[in-house]
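**Student:** Sequence first, predicted coordinates after that:
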Amino acid sequence: MLFLSGSSLNIFSIIMTVMAMWTPIKNIFSINQAFAPYESKGVSLMGPKAKYFMLNMGFCMAGVYKVYYMGIIPFSAEDWISLVQHHPPEFM
């Protein structure tokens, strides 16, 4: 669904991208509730939980890539040029 949001900078694409990152983050913090019906004694769910975590991190990274592609994340040196101290040249 993330590919349908487009790459232009408008409110709809920003909202879709933020929701695409928010849902995996919410899922990561509720892993135990998601796997609660499947827990039983003697059965380890660490493997499926780790896979669930990694898939959600992958979805979140796709959202971060989309935000970077839209130009919202400051990445290059030109984005930080306003923080560089400008010293006028000293004349003798």
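**Tutor:** Good, I have the coordinates. Keep in mind the model is a prediction, meaning the values are calculated, not measured.

**Student:** Dump the helix or strand that contains Gln33 to PDB, keeping only the CA atoms.
**Tutor:** Gln33 belongs to helix 31-35 when assigned by DSSP states H and E. This file holds the C-alpha atoms of helix 31-35, laid out as PDB (Å, rounded to 0.1, in the frame of the first residue of the first chain):
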ATOM      1  CA  ILE A  31       4.300  -8.800  20.500                       C
ATOM      2  CA  ASN A  32       3.300 -10.600  23.700                       C
ATOM      3  CA  GLN A  33      -0.400  -9.800  23.200                       C
ATOM      4  CA  ALA A  34      -0.200 -11.000  19.600                       C
ATOM      5  CA  PHE A  35       1.300 -14.300  20.600                       C
END
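
**Student:** chain center to it: distance?
**Tutor:** On the basis of CA atoms, centre = their mean, to the nearest Å, helix 31-35 sits 21 Å off its chain's mean C-alpha point.

**Student:** So for that helix, what gets flagged as buried?
**Tutor:** Ile31 (16 or more other CB atoms under 10 Å). C-beta here means a position set from N, CA and C on the backbone, and glycine is covered the same way.

**Student:** can you tell me the average pLDDT over that helix?
**Tutor:** Mean pLDDT, helix 31-35: 93.
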